[in-house]
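Peer 1: Model the following, please.
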Amino acid sequence: MKRRLLVPVAFALVILGVASGAGAQHNPTGAGHLLDPILPAGTTQNADGSWGKIEFLGKFVVPDAEEGLIADVAVDPDGDYAYLARWGGSACAGPEGGPGGHVVDGGVYVIDIRNPDGSIDTTPELAGFIPTHQDTLVGEGMQVVEITTAKFSGDVLVINHEQCGKNGKGGVSLWDVTNPLKPKKLSENFGDITINGARDTPDVNQTHSAFAWDAGVRAYLVATDDEEAADVDIFDITDPKHPVLIAELDLNELGGGIDQPALGLTDSFLHDMVVKQIGGRFIMLLSYWDGGYVLLDVTNPSSPVFLGDSEFTNPDPELLQQFGSSLTPEGNAHQAEFTSDNQFVIGTDEDFAPYRVGEFRITSGPNVGVYPSVIVPGAAAPSILDDLTLSGPVVYGGYGCPDSAPIPSPGEIPGYLALLQPGDEKIIVLQRGPSGDPNASEAACFPGEKAHEAALAGWEAVVFVQRHVSPDVPFCGSGAFVDEIVGVCTTHAAFHRLFGQTPSFSYPDGPAIGTIGARIEVTSVFDGWGYVHLFDSNLQELDTYAIPEAMDPAFARGYGDLSVHEVAVDPQDATLAYLSYYSGGLRAIQIVTNAATCAAQGDTAPCLVEVGGFIDPLGNNFWGVETFVDEKTGDTIILASDRDSGLWMFRDP
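Peer 2: As a prediction, this is how the structure comes out:
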């Protein structure tokens, strides 16, 4: 039956005077153009934005909706309440906070999705809000799981935490939501407190995602570790008030490794994971970015057993099929699910950059030539530039951290501005680190922090360079970008050659700050947005899928992000799955085993075929997707979280 609304006072202060969810307008994602989807042959889009095997039911717009506010979605085991992650929005780390001066950064909206008669409510209502600590976000790792052990029995809400300000906290929190109207804190901000085995941070490490499972007598949780990104951290949560870390492993240390260095796929770290009981064993499916998708037997979670991993196919099969390109795969294994019959795995590769960095060329001086390079995750690619090409003379700026020696402005470099040609950018070179440099005692920082210092000094692009480590590969870290600024990474050897030096791997290192170097040119190559993989149960690739617009350069700009994000499988039909596709909307795909049907789209069986979708007439920006069975009607219900508005509800007609 319908529950009495219970909104905690802390949240009431924030929503006071804000328009109600029923009347709020959806933000069309900030895209220059709303996507008019290219539909499968013979399909017609309905007036509400749906087509095929997706029927729109209703939505709930959060009272304080704004662009980029919402992250993940979860649902309780009975399908009575949905939970929306509040990523933080403009109030995150702000001194004023919301109306009334109260700072609410992250948290969880609790939404009642049932009518009094037990049917799905197509105009759901806010039932409460669970706030986080100040400057603390809730994002990818939200889940509700039923746990029954000797220490606890009920529904547990799992929440991940990342920081957005000096007061932020990391780790994972567990809440008892057996009664969603009266959530009870079980444990808060727990997680790993070490980096490389040493306690060198006063806080728990940030966590991007987490997943819990009931193993019968005991219960467990696996979490990512933002500070030790390759780690798989497993906790015993049999007593959810006292989680205990029982295993910590780096999958890159497995025999032979799981990355593919010959393809440049060396940025292997844990991003997401699920655990499912299959054939009497508990199997963990991990999304390990450049390392692909990985299977572990965690029947004994204190001693996981490696079962296998996927390999990215070269050349990239989706690019080869769509436009005959022989480009190498990009990696980016983001999230995956077993189908309901465990016969297949569907994985989503997230990629926000429809162009990859082309050749990094030094075009003047004694070291003209092509050098290794990669895009820096979080930075913009040269494709944001009008001519799709980064070009110009470079200047050395040191380490570029907030506490490092200041980055000079372009105008402070004698003769530099006179060297710029039409179409050139002002380019600063910043070294990764410092770490181990006896001449630089300041702490290392994220590349985004370096880029922000560069932007404040008036630079238009950053060439990040690897510090002198072995092997000397183009890896410069990722994250913390607040500016739209081009950022590419090259090797330490290339760094020295930019300034006419013989490569050196000892301190002191590099030219003086302010030294003008050679001219460079970095081009852009269209390679589409992130797409979907179909694997068999042993992670052998069978097919790929992308929405048509994602593989068309005409949609590379101005239509929002057209990458896939997450997948949720249909709990009743093992052939169906649903995809959150950011500005590409919600999509339904089907695993087809009919050879003729697959051949008609240039595939062999089994293959993935789009069979439905939804994009609101005002646009969408879907992040999360979740499914459950409505026991009253027997329908599969699909919940999707829109980053700019809130909860959207669908069913399979």
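
Peer 1: Does the closest residue to residue 506 other than its chain neighbours belong to a helix, a strand or coil?
Peer 2: Leaving aside its sequence neighbours, residue 506 sits nearest to residue 468 (CB to CB, 6 or more residues apart in numbering; 7.4 Å). The way it works is simple: take the backbone N, C-alpha and C, and place the C-beta from them, glycine included. Put simply, residue 468 is coil when judged by DSSP: H, G, I helix; E, B strand; the rest coil.

Peer 1: Tell me the spacing between residue 468 and residue 436.
Peer 2: 9 Å (CB to CB, to the nearest Å).

Peer 1: Any regions of this protein where pLDDT drops low?
Peer 2: 1-32, 91-104, 200-201, 255 (pLDDT under 70).

Peer 1: how about the helices of this protein, start to end?
Peer 2: 9-15, 317-323, 416-419, 447-456, 492-498, 595-600 (DSSP state H).

Peer 1: Serialize those to TSV and add fields for distance to residue 473 and mean neighbour count.
Peer 2: As requested, those are exported to TSV (distance: least, CB to CB, whole Å; neighbours: other CB atoms under 10 Å):
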stretch	distance to residue 473	mean neighbour count
helix 9-15	46	17
helix 317-323	23	18
helix 416-419	30	12
helix 447-456	15	22
helix 492-498	9	24
helix 595-600	39	13
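
Peer 1: Looking at those helices, spot the one closest to residue 138.
Peer 2: With CB to CB, the closest approach to residue 138 among those belongs to helix 9-15: 13.5 Å.

Peer 1: before we move on, the earlier item: quick one: closest of the helices of the chain to residue 404.
Peer 2: Nearest of these (CB to CB): helix 447-456, 7.9 Å.

Peer 1: which helices and strands does the closest one pack with?
Peer 2: strand 427-431, strand 461-465 (3 or more CB pairs under 8 Å, 6 or more residues apart in numbering; DSSP states H and E).

Peer 1: Which residues outside it are in contact with it?
Peer 2: 376, 378-379, 397, 399-402, 404, 407, 428, 430, 432, 462, 464, 476-483, 485, 487 (CB atoms under 8 Å, 6 or more residues apart in numbering).

Peer 1: And these, which of them are buried?
Peer 2: 376, 378-379, 397, 399-401, 404, 407, 428, 430, 432, 462, 464, 476-478, 481, 483, 485, 487 (16 or more other CB atoms under 10 Å).

Peer 1: Could you count how many residues lie near residue 632?
Peer 2: 13 (other CB atoms under 10 Å).

Peer 1: Could you report the separation of it from residue 111?
Peer 2: 18 Å.

Peer 1: so how far is residue 218 from residue 373?
Peer 2: Distance from residue 373 to residue 218, by CB to CB: 47 Å.

Peer 1: of those two, who's got more company?
Peer 2: Legend: neighbour count by other CB under 10 Å for residue 373 and residue 218, higher for residue 373 (23 against 16).

Peer 1: How much space separates residue 182 from residue 327?
Peer 2: Distance from residue 182 to residue 327, by CB to CB: 54 Å.

Peer 1: Counting neighbours around each, name which of the two comes out higher.
Peer 2: residue 327 (16 against 10).

Peer 1: give the contact list for that one.
Peer 2: 315, 316, 319, 356, 525, 527.

Peer 1: And it, how far from residue 291?
Peer 2: Residue 327 is 20 Å from residue 291, by CB to CB.

Peer 1: cool, and residue 55?
Peer 2: Taking CB to CB, one finds residue 55 at 38 Å from residue 291.
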